[in-house]
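# pasting the structure only:
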């Protein structure tokens, strides 16, 4: 696939007011992209939008609310053009031993990390299918192999990594692609909540600093921009931690390659057009805009 | 670590009304275990409870995603059978779809049952299992290690469960209680019927080689793997065996990182004593004594 051109194109960022989101938005604007910024309403978001000028457009939204995310994404697409790329970055962590984590904390982390990422992936899917774009979801090295005392956070990141590979399989007939960014410690307010936790903080301070040294948000953002441009399936920050993810990437790639050859390929969106036996079933099934809930 | 003797010991099975759950419960009863059958309230739960009651099984009803209900039901069941030496978190649900197109209701139903169900079950049962130094067993899936197209968010929830199991093994390292998972491929059950009936996933499955790739395990075979995994405190069981190459790379990484973290400074920060539950307002924490 060709390199993704970001200049004069629109890019959606969720969790835009966070440490990585802020750095990423600035770098994308530097490259000439227009950025749609999604995050909770607040000072950080308005300030970021003001700082980036006319190339940025912020929509305050609670990413846990599916209908609100769909609407916010449509608003960005109307204002800046259909996104050619998206970085799904909203995430929170609540340090705790997993089985002692309170219900409120567990639900918050699952709501923001898992639902928030899924709803924004669903919202942007029709646009990247149209533009032939690339989606990167922020996962974590902790999603490859769990870090104790970080509550349900590693589980949500493992789910995201899995979801992205599955999405790539399901998009095989579309020009859109997807990947994950496996981050280790990045110097952000989120990482600070881990360092501030008495137990997790002590464990980090007593570990070799080489292992726990944080990347800067700018480093992470640079890696993400590069990942968008070359449509990376996996980006790891810092790079030396990438080998931890190789076995999983290998297993995912093998599964992906198998599914591209089985008859599953005729059943994913767009697949019936490629199916020699599928004439009577043939439908125009370009990815559609998700239905909004009459639900619940 | 010692092998678990099931004779006359309490074992809790969630998802007990499903094909795999009920086959597992029957096999446990045959081994002499005192089984607590847990699922959402339904006629099927009443039916299996009636079938296995003569062998000492009891039924407790709870919706898997309601933490309070799960805590109450687990305490109640544990009291009735005199403590728990094993837990099989088997409640699971699949709704075939692509990730990008799955509707909100289906997404929430699958995450509620699979992810929250497993999490709350383990939170509720740990204090009981800690007393006997028993085993927590999750029913995971090979789809959680390498995702399957058209399975909706099901593979993602199973990836989360694999991660939870690995994390718990580290967090419980100072205790006798052990944790494991059984990674299943397709099993003949209500769940596989749902997939076969789906307009897209069904044909994809039917036309895939026809042979070994999609052949389902019987629920009875799956139950045998599950009970053996409980008895031997197996950290990971993959069934059918020929899918081991898909599962092995990631399981190996989990194992390596676990070993590394056991030797790291983190080990000193992990709880040594019995764990108290986090409090839910208006409810006493800790298991009730029998």
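Perfect, thanks for sending it. This is a predicted model, so every value here is computed, not measured.
# which residues in the stretch 1-150 of chain A form strands?
In the stretch 1-150 of chain A, the strands defined using DSSP state E, counting those that start in this stretch lie at A:10-14, A:34-39, A:56-60, A:85-88, A:134-140.
# list of residues touching the second one?
I take that to be strand A:34-39. A:8-18, A:21, A:25, A:28-29, A:45, A:48-49, A:52, A:55-61, A:63, A:69, A:72-73, A:76-77, A:79-81, A:83, A:90, A:120 (C-beta atoms under 8 Å, 6 or more residues apart in numbering or on different chains). Using the backbone N, CA and C atoms, a C-beta is placed for each residue, glycine as well.
# if any of these are buried, give me the PyMOL selection for them.
A single PyMOL command selects the buried members of the contacts of strand A:34-39 (16 or more other C-beta atoms under 10 Å in any protein chain shown):
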select buried, chain A and resi 9+10+11+12+13+14+15+16+17+18+21+25+28+29+45+48+49+52+55+56+57+58+59+60+61+63+69+72+73+76+77+80+83+90+120
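# restricted to helices, list the contacts of strand A:34-39.
Among those, the ones falling in helices (DSSP state H) are A:21, A:25, A:28-29, A:45, A:48-49, A:52, A:69, A:72-73, A:76-77, A:79-80, A:120.
# quick check: the two most widely separated of these?
A:29 and A:69 (22.5 Å; C-beta to C-beta).
# can the helix or strand bottoming out on mean pLDDT in chain B be found next to chain A?
The weakest-scoring helix or strand in chain B, judged by mean pLDDT, DSSP states H and E, is helix B:201-206 (a mean of 77). Yes - judged by C-beta under 8 Å from any C-beta of the partner chain, helix B:201-206 comes into contact with chain A at B:201, B:203-204, B:206.
# got CSV for the residues you listed, with neighbour count too?
As requested, these are exported to CSV (neighbours: other C-beta atoms under 10 Å in any protein chain shown):
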residue, neighbour count
B:201, 23
B:203, 20
B:204, 24
B:206, 11
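# which residues does residue B:247 contact?
Counted by C-beta under 8 Å, 6+ apart, residue B:247 has contacts A:251, B:142, B:145-146, B:183, B:236, B:238.
# change it to 10 Å
Residues near residue B:247 by C-beta atoms under 10 Å, 6 or more residues apart in numbering or on different chains: A:251, B:140-142, B:144-146, B:162, B:183, B:185, B:236-239.
# okay, those residues in a markdown table with pLDDT and neighbour count next?
Shown next, in a markdown table, are these (pLDDT from 0 to 100; neighbours: other C-beta atoms under 10 Å in any protein chain shown):
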| residue | pLDDT | neighbour count |
| --- | --- | --- |
| A:251 | 87 | 23 |
| B:140 | 95 | 30 |
| B:141 | 94 | 29 |
| B:142 | 91 | 24 |
| B:144 | 93 | 27 |
| B:145 | 91 | 28 |
| B:146 | 88 | 27 |
| B:162 | 96 | 27 |
| B:183 | 95 | 27 |
| B:185 | 88 | 22 |
| B:236 | 94 | 22 |
| B:237 | 95 | 21 |
| B:238 | 94 | 22 |
| B:239 | 90 | 21 |
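# low-confidence ranges in chain A?
By pLDDT under 70, the low-scoring segments of chain A are A:1, A:274-289, A:293-296.
# now for the strand or helix carrying residue B:162, which elements pack on it?
If you go by DSSP states H and E, residue B:162 is part of helix B:154-171. With contacts taken as 3 or more C-beta pairs under 10 Å, 6 or more residues apart in numbering or on different chains; DSSP states H and E, helix B:154-171 sits against helix A:153-170, strand B:86-89, helix B:104-110, helix B:117-132, strand B:135-141, strand B:178-184, strand B:236-239, helix B:244-262.
# list just the nearest of the contacts of residue B:247 to residue B:82.
residue B:237 (27.6 Å).
# distance of the closest one from chain A?
For residue B:237, the distance to chain A equals 17 Å [C-beta to the nearest C-beta, to the nearest Å].
# surely that residue is in contact with residue B:221?
No - because the distance of 11.8 Å does not satisfy C-beta atoms under 10 Å, residue B:237 is recorded as not touching residue B:221.
# anything in contact with each of those two?
residue B:184.
# nearest residue to residue B:99 other than its sequence neighbours?
Nearest non-adjacent residue to residue B:99, counting by C-beta to C-beta, 6 or more residues apart in numbering or on different chains: residue A:167, 4.8 Å away.
# in contact with the one you found, which residues?
By C-beta under 10 Å, 6+ apart, the neighbours of residue A:167 are A:118, A:121-122, A:125, A:135, A:137, A:176-179, B:98-100, B:147, B:149.
# for residue A:139, name its beta-bridge partners.
residue A:182 (DSSP bridges).
# ok, how many other residues are close to it?
Residue A:139 sits with 30 neighbouring residues when counted by other C-beta atoms under 10 Å in any protein chain shown.
# same check, this time on residue A:31
Residue A:31 has 15 nearby residues by other C-beta under 10 Å.
# with adjacent residues omitted, what lies nearest to the residue nearest the centre of chain A?
For chain A, the residue nearest the mean C-alpha position is residue A:137 (1.7 Å; C-alpha atoms, centre = their mean). Spatial nearest neighbour of residue A:137, chain neighbours left out: residue A:88 (4.4 Å); criterion: C-beta to C-beta, 6+ apart.
# now do the contacts for that neighbour.
With contact taken as C-beta under 10 Å, 6+ apart, residue A:88 is in contact with A:12-15, A:38, A:63, A:113, A:116-121, A:123-124, A:135-139, A:160, A:164, A:178, A:180-181.
# which residues touch residue 145?
The chain I'm using is chain A. A:154, A:158, A:244-245, A:247-248, B:163, B:166-167, B:170, B:250, B:253-258, B:260-261.
# right idea, wrong chain: chain B
A:158, A:162, A:248, A:251-252, A:255, B:155, B:158-159, B:162, B:183, B:236, B:238, B:243, B:246-251, B:254.
# you'd agree residue A:188 is up against residue A:237?
No - with contact defined as C-beta under 10 Å, residue A:188 does not reach residue A:237; the gap is 11.9 Å.
# so what sits against both of these two?
By C-beta under 10 Å, 6+ apart, the residues touching both residue A:188 and residue A:237 are A:20, A:215-216, A:220.
# number of nearby residues for the nearest residue to residue A:217 once chain neighbours are set aside?
In this structure, residue A:217 finds its nearest non-sequential neighbour in residue A:23, 3.9 Å apart by C-beta to C-beta, 6+ apart. Residue A:23: 21 surrounding residues under other C-beta under 10 Å.
# any idea how far residue A:23 lies from chain B?
From residue A:23 to chain B the distance is 27 Å (C-beta to the nearest C-beta).
# returning to that earlier point: run the chain-centre distance for the helix holding residue B:162.
The chain centroid and the centroid of helix B:154-171 are separated by 11 Å under C-alpha atoms, centre = their mean, to the nearest Å.
# tilt between it and helix A:153-170?
150 degrees (axes from the mean of the first three to the mean of the last three C-alpha atoms, to 10 degrees).
# in helix B:154-171, which residues are buried?
B:154-171.
# might one say that residue B:59 is in contact with residue B:17?
Yes - with contact defined as C-beta under 10 Å, residue B:59 and residue B:17 form a contacting pair (9.5 Å).
# can I assume residue A:165 is in contact with residue B:151?
No - applying C-beta under 10 Å as the test, residue A:165 and residue B:151 come out as separate, 11.8 Å apart.
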